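Undergrad: sharing a sequence plus its predicted fold:
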Amino acid sequence: MIFKKYKLIGIVLMIILMFFSIPALSLIEKVYAEEKLTIETLIKNYGNSTSNSQEITNSLTSFATDFGDSKGYATKEGWTTPSYTGATLADSNPGDFTSETIFNYDGNNVSLSSIGTDGTENNKFALLINLSDEGITGIESPDITIPAKSYYVLTFNVKIAELSGTKIGINAKIINKSTDEITSMTSITSETEDYKTYAFLIQGNENISTNIRLQILFGNAAENATGDATVSKQKGYGAIDTIRLFGVTRSQFEDLEEDKSAKTVILTSYNSSYENILNGFFNITDNNNWDINNITKLSDLKPLYWEKTGTSNTDFGIINTNETLFNEHLTKLGITAINPGNPDGRETSTNYNNILMLSNKEAGKQSIKSSTITLEKNSLYLLTFKFNTPANTEQTNKLSFYILNSANKEIYKQENIVSYDEYNGTNNEWKTYRVIIKTNSESEQKINFVISFGTDENNSTGYAYVDEIQLSKRTTNDYIFENTEENKYILKTEEGEETRYLAVGDVSLDDIKQLDTTKEINNEITYYEFVLNTTNEDNGTSNDETNTNNNNGSLAWYIIPSVLFGVALILGVILYYARKIKIKLPQKKEKNEYDRKQTLEKQIKEKEIIKKKEEKNKKIEKEIKEIEKTLENVEKEYENIKQNPTELKKYINKVEKLQNKKNKLQDILEKSNKE
């Protein structure tokens, strides 16, 4: 009966399913057809034997990658046996694994040929790891130099022929020789018939080159709290073979991070927790060139998470203000420019700092846009950024800054500005801009921050610098930032009244609203508030606006039919069950008799609760403010101790504890405000 009644609906739904599932299946096929780079395909497609090789193993000094020399002798040239306090490591020896050379394992004679080679072309040597009695053996490479801002891949082949007893297996480690920090790969404990390739993915330090070593142990040893070794012994035998080094681009590096046979090693020293705008300090590069020593343009070291548009004669990229690195970098690129120094005034002779450089060889325009930033509803934020426009003879190196909403609409702008107050022909100084943003209670806001070197009406020539773009959420209207400029920012005054200035010290939101917006000097501190709007223009949902972020029309053929199918399916289900279910309305409840005394008591209790809550919130806000000031003071210590591993660890722990405490208090405050 039911089948007959709904036969027509069923047929229609089946037809819709068959028709609209075709493009959806095509999309799935297209997605899975795009293969990501793996360690296996890296070696196959970019090894030395290929025309587009990215292998740079030959650049390593005294690095016998097949454990044999050109004369056909087994050797470990450049490699050493690691040493640990209180632990004795057995030697491991190279040999010809195509020969019938015999070694003894557990009372039995075993030939090297029974293990065999890893199949690398013209390779017959490998390193034998043999522990007939339980113990530890291993090797350690010579220093491997990882240049700053580089992305490298270090691969090695392993074959475990037999493991006995506790399976400690092979333990591979990268040792940072500057900090003694060790990154360990998951223990290799599988016996295999063939060699298997493993890899370390290495991201270079943001400022300077770093020396590392590869250490491979059969069994394991690690220093404990007393400085002695904690030993894990192993019994078994196998071989290690063919150590290779590749340079890769950032996109290749990200693909390889998904390969389960690879372990990522990050050699950077900056604290990313302060970069609320992704890469706002310009420490992470999105390299176009896999060979960091062969950069030919600024954008070979472009900043990750920033998108550029512009004319052909423009370029941008990350440079370091250290005198030596700055001169070497720009000389290599054929660019003559003034070193802008550091925004905080630190010496460039001994310190290191990455900044963004924008360069227009001729009159032109370029813009870079940040990744999307999400602002919580009913919140207050401080956005700060620093820039430097060194004076040039044409005075055309002007910068502009914009904030875009989710519809790509400008909601804030400062155009054609320079970092100096008065041009003298040799200006070279940094300026800090502050934008205070207040969201409404309607919804969260998504924005992008844009830096433009030149505009459509006024093209720019020369170069400019940007650094330290930060976003921080303020938990109280009473503290936005600390003003250190005396008699600089002008307040509103009545006619005939003397000029008044923003006071030195803590600045509140009310103070900011008292600034005279007609004064040019006050452009350094601006305020924008999202207003409640029935057309939601600021939210990017008005009918007359187009969201230019959604510009991939090719997906419409796949997405729209799938949505239509879902709607049709839901309607069919609703039609079916609407006829079967009888909805019972709830019975009307009788009103309780009004009790005036009870109501008054309830109101008094509610007022007491609100009062206690406000007192508690003020106490939390005060504590958060104190932590923020402490953090600012602690951060000033960073440059003095960042080259000292011990002090750096103490610094990081101190900052993390303060940051965690602040985050917990903010969560408590936010939860309290929502209740």
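TA: That came through, no problem.
Undergrad: tally of neighbours for the residue nearest to residue 500 when sequence neighbours are not counted?
TA: Among residues not flanking residue 500 along the chain, residue 491 sits closest, at 4.4 Å (Cβ to Cβ, 6 or more residues apart in numbering). (Each C-beta comes from the backbone N, C-alpha and C, glycine too.) Look at residue 491: counted by other Cβ atoms under 10 Å, it has 16 neighbours.
Undergrad: residue 491 bridge partners, please.
TA: With DSSP bridges as the criterion, residue 491 is bridged to residue 515.
Undergrad: need the contact list for it.
TA: For residue 491, the contact set (Cβ atoms under 8 Å, 6 or more residues apart in numbering) comprises 500, 501, 502, 514, 515, 516.
Undergrad: so residue 270 makes contact with residue 280?
TA: No: taking contacts as Cβ atoms under 8 Å, residue 270 lies outside contact range of residue 280: 11.1 Å.
Undergrad: these two: which is more packed in?
TA: Each of residue 270 and residue 280 has its neighbours counted (other Cβ under 10 Å); residue 280 has more, 27 against 16.
Undergrad: my read is that one is in a helix, agree?
TA: No: using DSSP: H, G, I helix; E, B strand; the rest coil, the assignment for residue 280 is coil, not a helix.
Undergrad: how about the contacts made by the nearest residue to it once chain neighbours are set aside?
TA: Using Cβ to Cβ, 6+ apart and skipping residues adjacent in sequence, the residue nearest residue 280 is residue 469, 3.7 Å away. Residues in contact with residue 469 (Cβ under 8 Å, 6+ apart) are 277, 280, 281, 370, 383, 384, 385, 386, 449.
Undergrad: of these, just say which sits nearest to residue 64.
TA: Relative to residue 64, the closest of the contacts of residue 469 is residue 281; by Cβ to Cβ it sits at 40.4 Å.
Undergrad: hmm, the closest one is touching residue 356, no?
TA: No: the pair residue 281 / residue 356 is not scored as a contact, 9.5 Å apart, by Cβ under 8 Å.
Undergrad: quick check: neighbours shared by those two?
TA: Contact criterion Cβ under 8 Å, 6+ apart; residues shared by residue 281 and residue 356: residue 467.
Undergrad: on that earlier part again, in strands, which of the contacts of residue 469 fall?
TA: Among the contacts of residue 469, the residues falling in strands (DSSP state E) are 383, 384, 385, 386, 449.
Undergrad: between those, identify the one with the most neighbours.
TA: residue 383 (25 neighbours).
Undergrad: list the residues that contact that one.
TA: 277, 403, 434, 435, 436, 437, 449, 469, 470, 471.
Undergrad: which positions in stretch 505-523 come out as buried?
TA: 507, 509, 511, 512, 515, 522 (16 or more other Cβ atoms under 10 Å).
Undergrad: gap between the two ends of it?
TA: Stretch 505-523 has an end-to-end distance of 19 Å (Cα to Cα, to the nearest Å).
Undergrad: pLDDT (mean, whole number) over it?
TA: Across stretch 505-523, the average pLDDT comes to 93.
Undergrad: just stretch 106-115 next, same as before
TA: 96.
Undergrad: for stretch 234-241, same thing?
TA: Mean predicted confidence for stretch 234-241 is 97.
Undergrad: what's the answer for stretch 427-441, then?
TA: In this model, stretch 427-441 has a mean pLDDT of 94.
Undergrad: how distant is it from the center of its chain?
TA: Offset of stretch 427-441 from its chain centre (Cα atoms, centre = their mean, to the nearest Å): 23 Å.
Undergrad: how long is it from one end to the other?
TA: Taking Cα to Cα, stretch 427-441 runs 44 Å from one end to the other.
Undergrad: and that stretch, what's buried?
TA: Using 16+ other Cβ under 10 Å as the test for burial, stretch 427-441 gives 427, 430, 431, 433, 434, 435, 436, 437, 438, 439, 440.
Undergrad: contact partners for the nearest residue to the last one once chain neighbours are set aside?
TA: Counting by Cβ to Cβ, 6+ apart, residue 530 is the residue found nearest to residue 440 once chain neighbours are left out, at 4.7 Å. With contacts defined as Cβ under 8 Å, 6+ apart, residue 530 is in contact with 411, 437, 438, 439, 440, 442, 445, 538.
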